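K.L.:
what follows is a predicted protein model with its sequence.
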Amino acid sequence: MNGTLTIEGDLAILGKIAADITAQYPNGVTAAVETASWEGWDTEVAKIVYNAVGIAARTSLEMVVKAGGFCPDDQLRAVLGDKLTGKVTGPLNKHLKSLGKKGLIPEGLPKPLVSGYNGKNAWQPTQGFKMPDQLVPMFAAAIGI
């Protein structure tokens, strides 16, 4: 009977584990390492985006990833102050479009950060930034967290 084992983690570590498994079981186990991806995103795309954006967006991405996918507004403002207002999601989304048009990343990627609001319109402070769960480990690897 055959089976499959899936392990997620740092690519360098996984590569070593795969090599060790192959050496230890040369006639019975095949080990391979694949880069995780989701809707066009992968670690390399995350790294390109992270390196292209301004300091407010980079800091926000770092904080959201370190917080596990959601960072509350008060924590973001404690670090970014007035740089949070109008300097994160809008410019980040413009970079996504620009990088996509230049062919550096796939076009039409899902947004890596979304603002959460506590009402019916966006004319109020955000509750914080949320990152899709699938992107958190990709950005963590890209940023080196």
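P.N.:
On my side now, so go ahead.
K.L.:
now for residue 93: which residues touch it?
P.N.:
Shown in contact with residue 93 (CB atoms under 8 Å, 6 or more residues apart in numbering): residue 111. Just so you know, the C-beta spots here come from the backbone N, C-alpha and C atoms, and that holds for glycine as well.
K.L.:
quick one: buried residues of the helix or strand encompassing it?
P.N.:
Using DSSP states H and E, residue 93 falls within helix 89-101. Within helix 89-101, the residues that count as buried by 16 or more other CB atoms under 10 Å are 89, 92, 95, 96, 99, 100.
K.L.:
relative to residue 85, how far out is the nearest residue to the last one once chain neighbours are set aside?
P.N.:
On the basis of CB to CB, 6 or more residues apart in numbering, the spatially nearest residue to residue 100 that is not a chain neighbour turns out to be residue 107, at 3.6 Å. With the distance defined as CB to CB, to the nearest Å, residue 107 ends up 28 Å from residue 85.
K.L.:
okay, domains of the protein per the record?
P.N.:
Listed domain ranges for the chain are 1-34, 39-143 (source: automatic domain parsing).
K.L.:
return the member of those having the minimum mean pLDDT.
P.N.:
Among the domains of the chain, domain 1-34 carries the lowest mean pLDDT, a mean of 78.
K.L.:
nothing else from me, thank you.
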